[in-house]
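Chemist: Output the structure for:
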Amino acid sequence: MIIQKFSVYNHQIQNVISWINSGEIAIPEIQRPFVWDSTKVRDLIDSLYRGYPIGYFITWQNPSVKLKDGTSSKGKKILIDGQQRITAIMAALLGKEVLDDSYRKRRIVIAFNPLEETFEVSNAAIQKDPRWIPDISKIFSPDFILYKFVDNYCQTNLKEEFELDELKERVHKTLDLLKSILYVPIGIIELNSEIDINEVTEIFIRINSTGAKLSQADFAMSKIAVDEKYGGHILRKAIDYFCHLASKPEFYSQLINLDPEFIKTEYFKKMNWLKDDSEDMYDPSYTDMLRVSFVSKFHRGRLSDLVALLSGRDFETRQYKEEIAEESFQRLSEGIYNFINETNFKKFIMIVKSAGFIEKDLIRSKNALNFAYILYLTLKEKNFHPAIIETLVRKWLVLSIIKSRYSGSSESQMDTDIRRIVSSPTEYIENVIKAELSESYWNIAILQELDTSVSSSPVFSVYLAAQVKMNDKGFLSKDITVADLISLKGDVHHIYPREYLKSLGYNKGFINQIANYVITQTETNIKIGKKSPQQYFAQLIEQCQTKIPILGTISDLDLLKENLKMNCIPIEILDNDMKYEEFLIERRKLMAEKIRKYFQML
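Modeler: Numbering: from 1, shown residues only. Below you'll find the model as predicted:
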């Protein structure tokens with residue numbers, strides 16, 4: 001027999017609004033920015049007016065929780081899909097303010113022309129035009145008196161083609177139709193509290209008409225936001241505000257006025273340092289922040305487990321208990337405090353940069369960065385020596401990037417890693433390094449990974465980090481380092497110039513091999529132009545004899561050779577015209593060796 005996992009009901013809009021105002025249905029996103037633009041709100045109201053469907057709302061019944069005194073408490077319903085639509089309805093019809101993406105409160109004012117039965121976003125011109133009702137929320141106000149409004153409106157807008165009584169009847173009928181929006185039925189899909197989070201996610205994906213995917217982090221944030229008993233609603237604000245401040249420190253002064261209650265909290269005091277922070281290496285999203293805080297504190301990798309724990313789930317008895325929910329909120333709060341701690345955050349960024357990753361573009365895997373922070377917080381809690389923590393975090397970060405460890409099924413990998421790291425940190429990390437970065441990797445696999453034209457390849461990012469760590473100079477630069485050039489967005493130059501290789505008939509994929517790339521100054525790149533390597537290296541040798549630099553800034557043969565070594569360019573290129581294919585093979589070996597030495601020195 002098929003088990004029914006949801007129920008479907010029809011309820012009038014006014015009932016849904018009433019339930020939200022009373023707290024019977026909780027909107028977890030109510031404190032987060034409203035992402036719809038005003039025209040989309042207008043279109044939604046127009047659809048309701050014309051009787052068009054606006055899709056189902058989805059609620060999820062929180063499971064009933066066994067209280068400490070043995071009684072049971074029925075959980076709230078959480079609106080997990082339809083948040084933007086119901087917020088738009090309440091904004092337009094009831095005049096409720098919304099938060100924009102800068103966390104500023106604003107009105108979305110929708111105007112209505114009862115003569116043409118059209119809606120528009122209110123503006124200065126509409127407000128001056130007597131044919132328009134500039135703000136329809138006035139129509140839905142309890143103080144609104146319909147017949148008086150119709151009389152005034154018709155006296156102002158009486159036209160030759162209408163008799164006054166005829167016009168009144170038409171406007172009255174139109175406004176009655178507008179007010180009846182509150183009685184339009186909305187389909188509500190109520191998900192059973194007994195189904196697990198993975199099934200909730202799957203159901204959401206299948207029945208959501210937009211095809212949008214609701215993540216486990218979204219569910220977790222919903223659980224946090226609607227909780228007031230254990231401070232979840234404040235915790236939710238802390239997560240949102242930290243993420244916003246991390247990317248926009250100027251938001252600080254606005255936050256002071258925006259939420260005076262929140263600035264009294266300990267969370268705000270802990271994140272106060274962000275107002276002077278301009279570092280953008282790690283600007284976390286709420287998913288990143290939740291993941292790091294949860295995994296480091298609960299030693300589990302799946303955010304679905306966090307959702308269950310915040311609901312009070314006992315994994316052994318499969319019951320829901322108040323004490324588990326209380327403890328889970330407490331532990332998550334501690335995890336958030338650890339995450340936003342200024343010393344922790346800045347020390348972690350320092351470790352990342354000390355590994356050569358001085359720009360966020362060098363780390364394309366956010367989860368690699370997330371787990372490196374998880375590892376840092378875990379080892380610190382275990383009282384490891386700071387020097388050991390730095391070494392282990394650097395090596396694990398590089399390993400994670402170069403092996404794409406947290407791509408694909410990242411939660412499963414994190415779950416495995418954190419459980420084993422907590423059990424035996426040093427031993428597990430060393431064993432993984434030996435297995436993943438074995439002799440066969442350094443001698444064979446990495447050469448294959450370097451045989452690519454994908455400039456975003458993880459192995460190329462690690463190679464550049466290695467150059468930064470080793471304080472290498474840019475190609476043909478005497479003083480300017482690779483680190484300087486990366487920070488200043490210097491050129492990625494083809495050692496065998498693109499146009500030169502095109503003239504020999506090579507295709508784009510072969511021309512743009514990462515083994516043909518170096519970081520150099522723009523001026524050097526321009527002067528090399530289309531010259532063949534044989535031509536411009538001969539010119540370099542000549543300038544070392546004349547001591548007059550023309551290409552780059554090196555005019556000493558020993559410095560030139562040293563520069564080629566730094567940039568993993570075969571020294572033989574100075575003495576003979578190396579075939580392009582031969583050059584690529586030799587350079588990949590040198591790049592692989594540099595990355596290996598770099599990893600060993602971490």
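Chemist: Make sure residue 560 is actually in contact with residue 542.
Modeler: No. Taking CB atoms under 8 Å as the definition, residue 560 is not a contact partner of residue 542, at 11.3 Å. No exception for glycine: its C-beta is placed from N, CA and C like everyone else's.
Chemist: Compare those two (neighbour count), which wins?
Modeler: residue 560 (21 against 12; other CB atoms under 10 Å).
Chemist: what sits against the more buried one?
Modeler: For residue 560, the contact set (CB atoms under 8 Å, 6 or more residues apart in numbering) comprises 476, 540-541, 544, 554, 574.
Chemist: distance of it from residue 602?
Modeler: 29 Å (CB to CB, to the nearest Å).
Chemist: Dump stretch 241-251 to PDB, restricted to CA.
Modeler: Provided in PDB are the C-alpha atoms of stretch 241-251 (Å, rounded to 0.1, in the frame of the first residue of the first chain):
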ATOM      1  CA  TYR A 241      24.300  39.600   8.800                       C
ATOM      2  CA  PHE A 242      27.800  38.100   9.100                       C
ATOM      3  CA  CYS A 243      27.700  36.900   5.400                       C
ATOM      4  CA  HIS A 244      26.500  40.300   4.300                       C
ATOM      5  CA  LEU A 245      29.100  42.200   6.300                       C
ATOM      6  CA  ALA A 246      31.900  39.900   5.200                       C
ATOM      7  CA  SER A 247      31.300  41.000   1.600                       C
ATOM      8  CA  LYS A 248      30.100  44.600   2.300                       C
ATOM      9  CA  PRO A 249      31.700  46.100   5.400                       C
ATOM     10  CA  GLU A 250      29.900  49.300   4.700                       C
ATOM     11  CA  PHE A 251      26.700  47.600   5.700                       C
END
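Chemist: how far does it sit from the chain's center?
Modeler: For stretch 241-251, the gap between its own C-alpha mean and the chain's C-alpha mean amounts to 13 Å (CA atoms, centre = their mean, to the nearest Å).
Chemist: how does this structure divide up, domain by domain?
Modeler: 6-207, 226-437, 449-601 (automatic domain parsing).
Chemist: Using JSON lines, please lay out these together with mean pLDDT.
Modeler: Converted to JSON lines, these look like this (pLDDT from 0 to 100):
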{"stretch": "domain 6-207", "mean pLDDT": "83"}
{"stretch": "domain 226-437", "mean pLDDT": "94"}
{"stretch": "domain 449-601", "mean pLDDT": "93"}
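Chemist: between those domains, which gets nearest to residue 220?
Modeler: Of all the domains of the chain, domain 226-437 sits nearest to residue 220, with 5.0 Å by CB to CB.
Chemist: Now do the end-to-end distance for the closest one.
Modeler: One end of domain 226-437 to the other measures 46 Å (CA to CA, to the nearest Å).
Chemist: Likewise for stretch 156-165?
Modeler: This stretch, stretch 156-165, spans 13 Å end to end (CA to CA).
Chemist: now the helices for the stretch 101-250 of the chain?
Modeler: Assigned by DSSP state H, counting those that start in this stretch, the helices in the stretch 101-250 of the chain fall at 124-128, 146-157, 164-179, 197-207, 216-225, 232-247.
Chemist: Quick check: buried residues in the shortest one?
Modeler: Along helix 124-128, these residues count as buried under the neighbour rule (16 or more other CB atoms under 10 Å): residue 126.
Chemist: Could you check how far that helix is from the centre of its chain?
Modeler: With CA atoms, centre = their mean as the basis, helix 124-128 stands 39 Å off its chain's centre.
Chemist: Pull the residues that contact the helix or strand where residue 290 lies.
Modeler: Element membership of residue 290, judged by DSSP states H and E, is helix 286-298. With CB under 8 Å, 6+ apart as the test, helix 286-298 has contacts from 215, 217, 220-221, 239-240, 242-243, 284, 300-301, 303, 305-306, 309, 328, 331-332, 334-336, 338-339, 366-367, 369-371, 373-374, 377-378, 381, 414, 418.
Chemist: burial of the nearest residue to residue 406 once chain neighbours are set aside, as a residue count?
Modeler: Excluding its sequence neighbours, the residue lying closest to residue 406 (CB to CB, 6 or more residues apart in numbering) is residue 367, at 3.6 Å. The burial count assigned to residue 367 is 20, neighbours taken as other CB under 10 Å.
Chemist: excluding its backbone neighbours, what's nearest residue 303?
Modeler: That would be residue 216: by CB to CB, 6+ apart, it lies 3.7 Å from residue 303.
Chemist: what's the answer for residue 226, then?
Modeler: residue 26 (3.7 Å).
Chemist: Tell me which residues touch the one you found, please.
Modeler: Going by CB under 8 Å, 6+ apart, residue 26 touches 20, 76-79, 225-226.
Chemist: one more time with 10 Å, if that's ok
Modeler: Counting by CB atoms under 10 Å, 6 or more residues apart in numbering, residue 26 makes contact with 19-20, 59, 62, 75-80, 222-223, 225-228, 233.
Chemist: ditto for residue 105
Modeler: Contacts for residue 105 (CB under 10 Å, 6+ apart) come out as 96-99, 258.
Chemist: Report the beta-bridge partners for it.
Modeler: The partner list for residue 105 in beta bridges (DSSP bridges) reads residue 99.
Chemist: Could you measure from it over to residue 412?
Modeler: On the measure of CB to CB, residue 105 and residue 412 end up 41 Å apart.
Chemist: Would you confirm that residue 90 contacts residue 18?
Modeler: No. Applying CB atoms under 10 Å, one finds residue 90 not in contact with residue 18, separated by 11.3 Å.
Chemist: Between these two, point out the one with more neighbours.
Modeler: Counting neighbours by other CB under 10 Å for residue 90 and for residue 18 shows that residue 90 has the greater number, 21 against 13.
Chemist: For the closest residue to that one other than its chain neighbours, what is the enclosing helix or strand?
Modeler: Closest residue in space to residue 90, ignoring its immediate chain neighbours: residue 96 at 4.5 Å, by CB to CB, 6+ apart. Counting by DSSP H and E, no helix or strand carries residue 96.
Chemist: ok, longest helix in the protein?
Modeler: Longest helix in the chain by number of residues, with DSSP state H as the criterion: helix 580-601.
Chemist: List the buried residues in that helix.
Modeler: Neighbour-count burial for helix 580-601 flags 580, 583-584, 586-592, 594-596, 598-599 (criterion: 16+ other CB under 10 Å).
Chemist: What of stretch 480-496?
Modeler: Neighbour counts over stretch 480-496 (16+ other CB under 10 Å) mark 480-486, 490-496 as buried.
Chemist: Return the distance of that stretch from the chain's centre.
Modeler: A distance of 28 Å separates the centroid of the chain from that of stretch 480-496, by CA atoms, centre = their mean.
Chemist: cool, stretch 434-453 as well?
Modeler: Distance of stretch 434-453 from the chain centroid (CA atoms, centre = their mean) equals 31 Å.
Chemist: Quick one: residues in contact with that stretch.
Modeler: Applying CB under 10 Å, 6+ apart, the set of residues contacting stretch 434-453 is 395, 398-400, 402-405, 457-460, 462-463, 507-517, 584-585, 587-589, 591-593, 595-596, 599-600.
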